[in-house]
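K.L.:
test case, fold it:
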Amino acid sequence: MGPVRAAVLSDPAPVTGARVAEALRTSGRLLGTTGALEAVDALTADLRGLGPLHKLAASEQVTDILVNGPGEVWTDGEDGLVRSPVAFGSDAEVRALASRLIAAGGRRLDESCPCADVQLDGYRVHAVLPPVSSGGTLLSIRIRRPRVFSLAELLADGPWWVEYVEAIVRRRLNFLVSGATGSGKTTLLSAMLGLAGSRERLVLVEDAGELNPAHPHVVALQTRHSNVEGAGTVDLGELVRQALRMRPDRLVVGECRGAEVADFLAAMNTGHAGAGGTIHANSAGAVPARLAAMGALAGLSREAVVLQAGSALDLVIHLERGPAGRRVQEIALLRPDGAGSLEAVTALVEDRDAVGFGPGWPALAARLFPGGPAARTSRP
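P.N.:
Just a heads-up that it's a prediction; the model follows:
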């Protein structure tokens with residue numbers, strides 16, 4: 001298919017299926033109807049899409065595609081990491097695909113810039129070139145699905161959680177969704193934001209746009225990296241400042257990874273109740289330490305983090321991913337412990353042996369169900 005590919009690329013006009021089909025017809029190849037359609041799909045994917053990875057991305061079960069070299073392609077999804085039979089002919093092919101995808105996102109990938117991350121329509125792409133990568137070109141693709149899950153679908157194995165998660169949104173508590181990579185933090189946050197009142201205005205601030213709540217009034221802001229001249233950067237802090245001028249009813253600051261925790265906590269301390277975000281952590285109890293560590297990167301003292309987080313955040317919802325799928329494992333209150341530290345006090349917890357209420361439940365129940373019959377201190 002090399003001559004056909006070259007013929008299409010020789011014309012600077014946009015690559016379309018019709019142009020690919022015409023180039024294939026004029027090449028003189030006799031492929032038959034089925035073969036021609038398959039060739040058009042393959043060439044279109046190679047020139048405009050994900051190339052050999054196109055069919056993997058088309059599967060609704062796949063959330064991530066990970067290329068560790070020309071002969072090692074993995075997918076992640078409902079069944080966890082699975083090695084795919086898809087392979088590239090050489091590392092040069094992997095590099096060519098990675099370079100094209102990064103260029104489509106307005107950035108460069110070469111020896112002077114061997115690591116790059118871009119957001120495309122439906123994909124988040126990260127690439128690393130040798131010698132930073134010792135085993136060849138690395139390509140990681142996160143697929144953004146248009147489908148939005150309801151809470152009932154997400155928590156199907158534990159429907160009694162829905163009552164409490166819905167109440168967190170209804171009572172406009174500020175929360176973090178914690179968990180490991182792939183545990184479903186962004187998916188749960190999107191579902192929760194979809195429960196906000198239809199007359200509320202949601203302003204989302206993210207490093208890479210992944211949230212897609214089913215809500216009638218959503219405004220999304222996304223950070224921008226510098227261009228090839230090193231200009232044009234728009235960071236998370238600037239977006240937070242802009243968002244506060246946009247009359248948000250709920251301000252959501254996507255994922256907190258590092259020094260941006262200062263902007264994250266500042267945003268949640270502006271009086272906008274019902275705010276949310278996500279954070280990587282091994283457990284709900286590890287969230288205070290994560291906040292302190294990220295605060296140190298931002299130049300905040302431990303005392304400043306405790307004061308800011310204690311005022312800004314009400315609770316953390318921790319997710320785990322196991323053989324049975326993704327599930328809410330714990331809901332814990334975040335509050336100063338009186339000794340100069342921040343602590344996560346378990347309110348609701350689930351494991352294989354028991355589901356129960358922790359010491360933080362009475363205080364949480366009073367806020368979720370004030371005076372109501374659900375303000376109980378033990379499981380019914």
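
K.L.:
which residues in the stretch 101-250 of the chain form helices?
P.N.:
Per DSSP state H, counting those that start in this stretch, the stretch 101-250 of the chain carries helices over the ranges 151-154, 160-170, 185-193, 236-244.

K.L.:
pick the most buried one from those.
P.N.:
Across those, averaging neighbours per residue (mean count of other CB atoms under 10 Å) puts helix 185-193 on top, at a mean of 22. Any C-beta I mention is one placed from the backbone N, CA and C, and that applies to glycine too.

K.L.:
return that helix as CSV; C-alpha atoms alone will do.
P.N.:
Presented in CSV, the C-alpha positions along helix 185-193 are these (Å, rounded to 0.1, in the frame of the first residue of the first chain):
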residue,chain,number,x,y,z
LYS,A,185,-11.8,8.1,39.8
THR,A,186,-12.7,10.3,36.8
THR,A,187,-15.7,8.1,35.8
LEU,A,188,-17.2,8.3,39.3
LEU,A,189,-16.6,12.1,39.5
SER,A,190,-18.3,12.6,36.2
ALA,A,191,-21.3,10.5,37.4
MET,A,192,-21.5,12.5,40.6
LEU,A,193,-21.4,15.9,38.8
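
K.L.:
neighbouring contacts of that helix?
P.N.:
The contact list for helix 185-193 (CB atoms under 8 Å, 6 or more residues apart in numbering) reads 148-151, 154, 165, 168-169, 177-179, 202, 210-215, 218, 250, 252, 255, 276-279, 317, 319, 326, 328.

K.L.:
circling back: so for Leu56, which of the helices of the stretch 101-250 of the chain sits nearest?
P.N.:
Across the helices of the stretch 101-250 of the chain, Leu56 has its closest neighbour in helix 185-193 (19.6 Å, CB to CB).

K.L.:
just the angle between that closest one and helix 160-170, please?
P.N.:
Here helix 185-193 points in a direction 70 degrees away from that of helix 160-170 (axes from the mean of the first three to the mean of the last three CA atoms, to 10 degrees).

K.L.:
can you list the helices of the stretch 101-250 of the chain in JSON lines and add distance to Gly136?
P.N.:
Formatted as JSON lines, the helices of the stretch 101-250 of the chain follow (distance: least, CB to CB, whole Å):
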{"stretch": "helix 151-154", "distance to Gly136": "37"}
{"stretch": "helix 160-170", "distance to Gly136": "43"}
{"stretch": "helix 185-193", "distance to Gly136": "29"}
{"stretch": "helix 236-244", "distance to Gly136": "32"}
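
K.L.:
closest to Pro52 out of those helices?
P.N.:
Of these, nearest to Pro52 by CB to CB is helix 185-193, at 26.9 Å.

K.L.:
Leu98 and Arg142, how far apart?
P.N.:
Just so we're on the same page, residue 98 is Ala rather than Leu. 14 Å (CB to CB, to the nearest Å).

K.L.:
these two: who's more crowded?
P.N.:
Ala98 (23 against 19; other CB atoms under 10 Å).

K.L.:
just checking, what packs against the helix or strand hosting the more buried one?
P.N.:
Under the criterion of DSSP states H and E, Ala98 resides in helix 91-104. Judged by 3 or more CB pairs under 8 Å, 6 or more residues apart in numbering; DSSP states H and E, the packing partners of helix 91-104 are strand 62-69, strand 115-120, strand 123-128, strand 138-143.

K.L.:
how much does that helix deviate in direction from strand 62-69?
P.N.:
Going by the same axes, to 10 degrees, helix 91-104 makes 130 degrees with strand 62-69.

K.L.:
can I assume Arg257 is in contact with Asp207?
P.N.:
Yes - Arg257 lies in contact with Asp207 (CB atoms under 8 Å); the separation is 7.5 Å.

K.L.:
picking up where we left off before, turn the helices of the stretch 101-250 of the chain into JSON lines, columns for distance to Phe88 and mean pLDDT.
P.N.:
As requested, the helices of the stretch 101-250 of the chain are exported to JSON lines (distance: least, CB to CB, whole Å; pLDDT from 0 to 100):
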{"stretch": "helix 151-154", "distance to Phe88": "35", "mean pLDDT": "68"}
{"stretch": "helix 160-170", "distance to Phe88": "42", "mean pLDDT": "87"}
{"stretch": "helix 185-193", "distance to Phe88": "29", "mean pLDDT": "91"}
{"stretch": "helix 236-244", "distance to Phe88": "35", "mean pLDDT": "86"}
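
K.L.:
ok so, going back, are any of the contacts of helix 185-193 buried, and which?
P.N.:
148-149, 151, 154, 165, 168-169, 177-179, 202, 210-213, 215, 218, 250, 252, 255, 276-279, 317, 319, 326, 328 (16 or more other CB atoms under 10 Å).

K.L.:
returning to that earlier point: more neighbours: Arg257 and Asp207, which one.
P.N.:
Taking neighbours as other CB under 10 Å, Arg257 and Asp207 compare with Asp207 leading, 21 against 16.

K.L.:
okay, now the unreliable bits of this structure?
P.N.:
Within the chain, the stretches with pLDDT under 70 are 1-49, 146-147, 152-160, 227-230, 324, 351-355, 372-380.

K.L.:
care to break it down by domain?
P.N.:
Domain assignment of the chain by automatic domain parsing yields the ranges 1-48, 51-145, 151-368.

K.L.:
relative to Val261, which of the helices and strands packed on helix 91-104 is closest?
P.N.:
strand 115-120 (19.7 Å).
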